[in-house]
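Peer 1: Sequence plus the predicted model coming up.
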Amino acid sequence: MGEIFAGLPWWVKWIAVPVIALVVFGGLIASVVGFVIGLLFKVLVFVALVGGLIYVVRKFTSSSSSRSDF
């Protein structure tokens, strides 16, 4: 692979080739990044909901057990 790029100017290797790759694979890259961000958001929402549920259940069970002591 290095032999192919050996005789080319620096701007072809560092500017033109990445731009062409972004044009060709840009939609795929955007889809993958969007999927990963969406998945991380869903995981964060899931963790927050489970944490809230655990908090509410512990709060409810501790208040109901303290009422039964009286």
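Peer 2: Alright, I've got the coordinates.
Peer 1: CA atoms for contacts and neighbours, from now on please.
Peer 2: OK.
Peer 1: Spatially central residue in the chain, please.
Peer 2: residue 37 (3.3 Å; Cα atoms, centre = their mean).
Peer 1: ok now the helix or strand where that residue lies, how far from the chain's centre?
Peer 2: In the assignment (DSSP states H and E), residue 37 maps to helix 17-69. Chain-centre distance of helix 17-69: 9 Å, with Cα atoms, centre = their mean, to the nearest Å.
Peer 1: cool, stretch 12-30 as well?
Peer 2: With Cα atoms, centre = their mean, you get 22 Å for stretch 12-30.
Peer 1: coming back round to it: how near is the residue nearest to the centre of the chain to residue 28?
Peer 2: Distance, residue 37 to residue 28, by Cα to Cα, to the nearest Å: 14 Å.
Peer 1: same deal with residue 43?
Peer 2: Applying Cα to Cα to residue 43 and residue 28 gives a distance of 22 Å.
Peer 1: and if you look at residue 16?
Peer 2: 19 Å.
Peer 1: ok, now residue 49?
Peer 2: Taken as Cα to Cα, the span from residue 49 to residue 28 is 31 Å.
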